[in-house]
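Visitor: model this:
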Amino acid sequence: MQELHDVPLSEHTTMRVGGPAQRLVVAETIDELVDTVREVDDAQEPLLVLGGGSNLVVADSGFAGTVVKVATSGIEPESVDYCGGAMVRIAAGEVWDDVVERAVAEGWSGVEALSGIPGSTGATPVQNVGAYGQEVSQTIARVRVWDRGTQEVRTLSADQCRFTYRHSLFKASANHVVLDVTFQFVVADLSQPIAYADLAAGLGVDIGARVPLGDAREAVLEQRRRRGMVLDDADPDTWSCGSFFTNPIMPAARFDDLAARVRAELGDDAPTPPRFADASGDVKTSAAWLIDKAGFGKGFGMPGPAALSTKHTLAVTNRGSATAAEVAALAREVRDGVHDRFGVTLVNEPVFVGHEL
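Guide: I've put the predicted structure just below:
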């Protein structure tokens with residue numbers, strides 16, 4: 001276990017912003033992770049659990065407490081068969097895209113559309129990470145956690161995790177620290193049905209088709225690279241938290257009001273906002289579309305220091321020297337601009353630490 005002091009958190013986040021951590025502990029085993037969390041809680045000191053840092057915007061003042069970086073490792077198949085699928089326990093500290101790459105190589109189907117997403121495995125159930133028609137909740141069987149309230153290790157079923165769109169029990173409260181996640185994959189050489197139109201077009205297949213796992217992964221990576229959503233040290237368009245805002249979900253009547261508001265703002269010949277059916281019966285629309293139509297196009301804010309990606313309006317990026325305050329100011333301008341134009345308040349995906357949007 002490593003213990004460091006006054007470490008800039010900008011070095012541990014994909015947005016590359018954030019002041020120093022008063023204390024940073026790198027936990028390489030579950031015992032080290034649990035012992036550190038328990039020690040900090042017993043002392044009633046501030047605690048921040050850090051995975052890959054891909055979903056955090058830490059204040060320029062840093063964090064006046066202990067940051068525990070989860071660096072645990074291990075991918076353990078518990079059982080693999082064509083009837084029950086592959087039950088695989090994965091340590092919270094495992095790099096998520098390495099897990100997806102392993103799953104594709106092993107013939108474990110169900111997360112191939114989640115290729116290229118940065119961060120750690122332990123963070124995926126927190127956010128119910130999803131992309132291109134898949135969510136981790138579709139393959140998660142159980143999550144083992146340290147319960148900070150009862151000070152015990154607990155195993156939660158998928159139902160107990162309360163997964164919804166980009167949300168879970170773990171995001172609603174900081175009471176649980178994820179130790180490992182058990183996935184139930186389908187044992188197959190083919191992907192799950194392709195559910196995203198652009199992905200299907202890139203593969204040259206119809207929506208609903210299944211393709212070789214490796215082909216699905218490469219097509220997803222290609223889509224993400226075109227949008228600046230695969231981390232690249234040489235490309236500031238990827239120095240971000242990925243999608244900064246979630247897609248709004250609203251009742252059908254509210255969507256009709258939005259469509260009318262768009263026509264009033266942009267003219268009677270304006271296109272209708274994208275409309276997708278949601279599992280709850282509500283309507284989901286596109287945050288990226290609303291941002292663009294509100295006047296915040298690709299590259300808005302260039303040359304920076306904070307600007308929207310030149311490849312995708314949904315990513316707030318650090319062009320190399322941005323502060324957390326500048327990132328927040330740009331995100332706030334976009335959020336408020338969309339609200340003023342269309343009456344929709346966008347919700348940020350990344351967690352703000354030490355400041356607010």
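
Visitor: how about A315, what does it touch?
Guide: R227, G228, M229, D237, S240, C241, G242, S243, F244, L308, S309 (C-beta atoms under 8 Å, 6 or more residues apart in numbering). Every C-beta, even on glycine, is put in place using the N, C-alpha and C of the backbone.

Visitor: how close does it get to A123?
Guide: Look at A315 and A123: by C-beta to C-beta, to the nearest Å, they are 18 Å apart.

Visitor: Likewise for A259?
Guide: 35 Å.

Visitor: With S168 instead?
Guide: From S168 to A123 the distance is 11 Å (C-beta to C-beta).

Visitor: Please apply the same query to A288.
Guide: Counting by C-beta to C-beta, the gap from A288 to A123 is 22 Å.

Visitor: okay, these two: which has more neighbours?
Guide: Shown here are A288 and A123; by other C-beta atoms under 10 Å, A123 has more neighbours (28 against 21).

Visitor: For that one, which three-state class applies?
Guide: Recorded secondary structure, A123: helix (DSSP: H, G, I helix; E, B strand; the rest coil).

Visitor: and the residue lying closest to T317 once chain neighbours are set aside, how many residues sit next to it?
Guide: Of all residues not flanking T317 in the chain, S240 sits nearest, at 4.5 Å (C-beta to C-beta, 6 or more residues apart in numbering). For S240, the neighbour count with other C-beta under 10 Å is 27.

Visitor: Quick one: residues contacting S240.
Guide: By C-beta under 8 Å, 6+ apart, the contact list for S240 reads T14, M15, G228, S309, A315, V316, T317, N318.

Visitor: mind running it again at 10 Å?
Guide: 14-16, 54, 118, 228-229, 231, 306, 308-309, 312, 314-318, 327, 350 (C-beta atoms under 10 Å, 6 or more residues apart in numbering).

Visitor: So which of the residues you listed sit within helices?
Guide: V327 (DSSP state H).

Visitor: buried subset of the contacts of S240?
Guide: 14-16, 54, 118, 228-229, 231, 306, 308-309, 312, 314-318, 327, 350 (16 or more other C-beta atoms under 10 Å).
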